[in-house]
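Engineer: 3D model of this:
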Amino acid sequence: MRKLVLALAIAVLVSASATTVAPSPAVASSPQTKVVIVVGATQSVTSSYRSEADAAAAVFANYTTNITKIYSPNATWAAVKAAAYGANILVYLGHGSGFPNPYVGYLQPNGDNGMGLNASAAGTDNNTQYYGENYMSTLGLAPNAVVILNHLCYASGDNEWGAGLPSLATAQTRVDGYASGFLRGGAKAVIADGVGDISGYINGLFTGHTTIDALWKSPSVYYHGNAMAWASTRSPTFTSQIDPDIAHPQSDGDYYYRSMVSIPTLKTDDVISGVIPPFVSQTGTYYPIDPARMVDTRGNGVGPVGALSAMGRYTFTIAGNSHVPSGAIAITANVTVTQQTALGWFFLSPNIWSSPGSSTINFPVGDDRANGVTVPLSPDGTVDAWYGAAIGNTSHLIIDVTGYYMANTSGDGYVQFAPTRFLDTRNGTGLPGKFQAGVARPLKIAGVNGLPSSGITAIVGNLTIVSPSQQGYLFVGPTANSAPAESTLNSPAGDIRANNLTVKVNSDGTVGIVYIGAYTGGTTDVLLDITGYYLHGTGAQFHTLSPTRILDSRTPTGIAGPIAAQSAKTLPVWTVGNVPTGALAISANLTVTQQNMLGYIAVGPSIVPGSPFSNLNYPVADDRANGIIVPLSGTGSIQFWVGQEPGGSAQLILDVNGYFL
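Structural biologist: Down below sits the predicted model:
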């Protein structure tokens with residue numbers, strides 16, 4: 001039984017005495033402060049937990065009327081998740097199932113480090129089902145939210161009642177693990193208190209006007225003065241702390257009953273006033289950089305380490321380093337998925353609060369897959385990644401940044417350019433002959449096909465690999481590099497695969513391209529289509545948008561599908577999805593699904609049969625996505641061409657995330 005029997009009795013006595021003291025006078029607080037209190041299915045002690053939860057609700061009522069109570073026997077996961085969205089403070093009383101535990105020798109993220117709720121509603125207090133960290137990561141809490149875990153085993157590092165004192169290392173592992181899912185779900189602090197009354201936390205959050213660290217170390221919440229802090233092993237950038245009551249252990253010798261994992265500088269005023277902010281569009285100019293690996297969860301020394309678990313949000317800090325300065329409003333990047341255990345998708349956006357309705361990259365199992373994207377950043381210089389797959393699965397994520405936008409007019413502006421093929425090694429366009437593995441080759445860009453002979457700082461385009469003889473990848477950068485640390489396009493042997501790119505141009509007007517195979521002797525054909533370029537001191541500025549779906553032929557939105565092969569379909573863009581009249585081009589993510597033949601998609605201001613370019617190549621039964629920056633026609637529209645044999649068709653999805661004006 002994962003509960004604290006003796007601890008409950010102590011806590012009831014503490015609560016009884018605490019409620020005899022009048023709470024602190026109500027202070028002016030944000031009227032939208034949202035509190036959710038959950039009581040799980042804890043068998044015979046559930047009624048006592050409900051009473052304590054009601055007492056906590058009465059203290060909260062001194063400061064806010066926005067209080068939702070989800071109590072057993074109706075505390076199902078569906079009810080908890082629906083209520084918790086946007087909550088500033090989440091309180092949970094109930095069973096805890098953490099790790100390490102004496103039952104299973106490995107972490108079970110679907111059941112460990114979460115809540116013991118009702119398996120179904122309107123039953124009894126005995127039908128307990130554990131929903132672990134993978135579920136907690138989907139809560140969608142408000143910015144700066146605080147979670148308070150009260151009277152449950154493992155969360156503060158303790159053992160189950162009667163099991164004695166755990167080692168310090170075990171206690172620390174439990175604290176880090178139990179907080180991790182809630183932090184992924186949006187919390188900035190997770191407080192676990194196994195035996196204490198939480199009224200001091202409530203009053204302190206609303207009246208303390210201090211940091212969460214100072215609140216946790218105040219006498220009003222039974223601070224023992226034995227705080228030990230360390231960098232969280234499960235949640236990078238967070239600090240973990242425990243405060244064992246060494247002088248007064250429980251009768252079984254355990255004293256790990258207070259912990260917190262937090263951003264210690266978090267202010268209590270920010271907790272109670274935090275609301276999910278609306279997206280604010282920003283405008284800026286472009287700064288290309290040499291490709292720089294900013295995130296690699298495989299542990300290659302860049303960014304947070306560790307496989308990502310499905311159905312959760314992850315936040316990555318992008319701005320504020322030697323590659324991307326503080327204040328950047330968006331980035332161009334190449335996102336790669338590898339070592340995934342199931343088919344799924346990722347969605348990248350500046351802030352994600354719940355499971356999104358859009359995707360950035362789709363992938364099957366066993367396929368390293370990349371997508372070139374433009375992504376707005378949050379005001380903190382971060383980007384969120386939501387991993388969609390069946391709960392229990394994992395994946396690694398890599399982000400290589402190729403440039404950034406700043407909210408100024410000092411950088412480079414975008415110039416429209418009709419989609420044009422600059423490289424096709426199959427017929428000798430640009431460069432003759434297949435690429436040999438490990439042999440880097442420069443491709444002349446400036447002065448070719450109508451581009452300016454000087455001044456180009458970066459190009460926008462679409463890179464396609466055609467029938468590589470080995471599994472491998474292509475890299476495109478400003479200089480030819482035979483051993484790149486980054487990648488632009490990954491492909492298995494024999495595939496035809498495309499990826500969007502924005503890449504810095506060398507001072508001599510070239511870009512470098514290299515094919516890296518799994519072993520020596522590999523060859524491949526390569527195509528490159530250019531759809532725009534950047535010039536310093538001129539051109540259009542970029543305007544960020546919250547990702548918005550303007551085409552889904554399945555629903556239908558924009559165009560009714562499925563879209564038949566061999567015919568151009570027009571999509572109006574001006575005045576749709578917050579793209580204004582006069583926009584010259586859009587940044588978006590294109591996805592193909594339900595195609596009945598292999599083929600390709602071409603997107604441009606206008607399409608004619610046989611247009612010699614493409615944006616997305618695909619086989620049958622494989623959802624594929626690719627970022628695009630596509631010029632608009634003079635009337636503010638784009639056209640799509642489904643390149644399949646007659647009788648073929650496909651469904652298309654387009655999510656716009658910015659425009660050039």
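
Engineer: Help me confirm that residue 286 is found in a helix?
Structural biologist: No. Counting by DSSP: H, G, I helix; E, B strand; the rest coil, residue 286 falls outside a helix, being strand.

Engineer: What's the separation between the residue nearest to it when sequence neighbours are not counted and residue 384?
Structural biologist: Distance criterion Cβ to Cβ, 6 or more residues apart in numbering; nearest residue to residue 286, sequence neighbours excluded, is residue 412 at 4.5 Å. The C-beta positions use only the backbone N, C-alpha and C, and glycine is treated the same way. Between residue 412 and residue 384 the distance, using Cβ to Cβ, to the nearest Å, works out to 27 Å.

Engineer: higher neighbour count, the two?
Structural biologist: Neighbour count, other Cβ atoms under 10 Å: between residue 412 and residue 384, residue 412 has more, with 24 against 20.

Engineer: for the more buried one, which residues make a bridge with it?
Structural biologist: residue 286, residue 536 (DSSP bridges).

Engineer: Could you tell me the model confidence score at it?
Structural biologist: For residue 412, the model assigns a pLDDT of 97.

Engineer: From residue 264, how far out is it?
Structural biologist: Distance, residue 412 to residue 264, by Cβ to Cβ: 40 Å.

Engineer: now residue 173
Structural biologist: Taking Cβ to Cβ, one finds residue 173 at 20 Å from residue 264.

Engineer: For the two, work out which one has more neighbours and name it.
Structural biologist: residue 173 (20 against 16).

Engineer: Can you dump the C-alpha atoms of stretch 257-277 in CSV for me?
Structural biologist: Output in CSV follows, covering the C-alpha atoms of stretch 257-277 (Å, rounded to 0.1, in the frame of the first residue of the first chain):
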residue,chain,number,x,y,z
TYR,A,257,9.4,14.0,4.4
ARG,A,258,10.1,17.5,2.8
SER,A,259,11.4,18.2,-0.6
MET,A,260,11.2,20.7,-3.5
VAL,A,261,12.3,20.7,-7.1
SER,A,262,12.1,24.2,-8.5
ILE,A,263,13.6,27.3,-10.1
PRO,A,264,14.6,28.8,-6.7
THR,A,265,14.3,32.4,-7.9
LEU,A,266,10.6,31.8,-8.9
LYS,A,267,8.6,34.6,-7.2
THR,A,268,5.4,33.7,-5.4
ASP,A,269,3.7,36.7,-7.0
ASP,A,270,4.4,35.2,-10.4
VAL,A,271,2.9,31.9,-9.3
ILE,A,272,-0.5,33.4,-8.4
SER,A,273,-0.7,35.8,-11.4
GLY,A,274,0.5,33.5,-14.1
VAL,A,275,-1.8,32.9,-17.0
ILE,A,276,-1.3,31.2,-20.3
PRO,A,277,-0.1,34.2,-22.4
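
Engineer: Show the average pLDDT along the longest helix along the chain.
Structural biologist: The residue-count maximum for a helix in the chain (DSSP state H) belongs to helix 168-184. Regarding helix 168-184, the rounded mean pLDDT is 96.

Engineer: ditto for stretch 646-654
Structural biologist: 96.

Engineer: try stretch 33-52
Structural biologist: Average pLDDT, stretch 33-52: 96.

Engineer: Check stretch 80-92 too.
Structural biologist: Stretch 80-92 comes out at a mean pLDDT of 94.

Engineer: For it, output the C-alpha coordinates as PDB.
Structural biologist: Coordinates of each C-alpha in stretch 80-92 appear next as PDB, following Å, rounded to 0.1, in the frame of the first residue of the first chain:
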ATOM      1  CA  VAL A  80      -8.000  15.700 -13.600                       C
ATOM      2  CA  LYS A  81      -6.400  16.600 -16.900                       C
ATOM      3  CA  ALA A  82      -9.400  18.700 -18.000                       C
ATOM      4  CA  ALA A  83      -9.400  20.600 -14.800                       C
ATOM      5  CA  ALA A  84      -5.700  21.100 -14.500                       C
ATOM      6  CA  TYR A  85      -5.200  23.000 -17.800                       C
ATOM      7  CA  GLY A  86      -4.000  26.500 -17.000                       C
ATOM      8  CA  ALA A  87      -3.900  25.900 -13.200                       C
ATOM      9  CA  ASN A  88      -1.600  28.100 -11.200                       C
ATOM     10  CA  ILE A  89      -1.600  25.800  -8.200                       C
ATOM     11  CA  LEU A  90      -2.300  22.100  -8.200                       C
ATOM     12  CA  VAL A  91      -2.600  20.100  -5.000                       C
ATOM     13  CA  TYR A  92      -2.700  16.300  -4.800                       C
END
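
Engineer: where along the stretch 201-350 of the chain do the helices fall?
Structural biologist: 212-216, 268-273 (DSSP state H, counting those that start in this stretch).

Engineer: brain fart, the stretch 1-150 of the chain
Structural biologist: 5-18, 46-60, 77-84, 133-136.

Engineer: do the stretch 451-600 of the chain as well
Structural biologist: Using DSSP H, counting those that start in this stretch, the stretch 451-600 of the chain contains no helices.

Engineer: residue boundaries of the strands in it?
Structural biologist: Using DSSP state E, counting those that start in this stretch, the strands found in the stretch 451-600 of the chain span residues 456-466, 472-477, 489-491, 496-504, 510-517, 523-536, 542-552, 563-564, 568-572, 585-593, 599-604.

Engineer: Would you mind giving those as CSV with distance to residue 448, mean pLDDT and mean neighbour count added?
Structural biologist: Listed next are the strands of the stretch 451-600 of the chain as CSV, based on distance: least, Cβ to Cβ, whole Å; pLDDT from 0 to 100; neighbours: other Cβ atoms under 10 Å:
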stretch, distance to residue 448, mean pLDDT, mean neighbour count
strand 456-466, 10, 96, 25
strand 472-477, 16, 96, 25
strand 489-491, 21, 95, 25
strand 496-504, 15, 95, 26
strand 510-517, 10, 96, 22
strand 523-536, 9, 96, 22
strand 542-552, 25, 95, 22
strand 563-564, 33, 95, 19
strand 568-572, 27, 96, 17
strand 585-593, 21, 96, 26
strand 599-604, 19, 94, 23
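
Engineer: Tabulate these in CSV, adding columns for distance to residue 103.
Structural biologist: Below are these laid out as CSV (distance: least, Cβ to Cβ, whole Å):
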stretch, distance to residue 103
strand 456-466, 48
strand 472-477, 43
strand 489-491, 40
strand 496-504, 45
strand 510-517, 46
strand 523-536, 51
strand 542-552, 42
strand 563-564, 53
strand 568-572, 55
strand 585-593, 42
strand 599-604, 51
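
Engineer: which one of those lies closest to residue 423?
Structural biologist: strand 523-536 (3.8 Å; Cβ to Cβ).

Engineer: between that closest one and strand 585-593, how many degrees?
Structural biologist: Strand 523-536 and strand 585-593 are oriented at 150 degrees to each other (axes from the mean of the first three to the mean of the last three Cα atoms, to 10 degrees).

Engineer: where's the residue nearest to residue 286 relative to residue 291, distance?
Structural biologist: 17 Å.

Engineer: And for residue 346?
Structural biologist: 19 Å.
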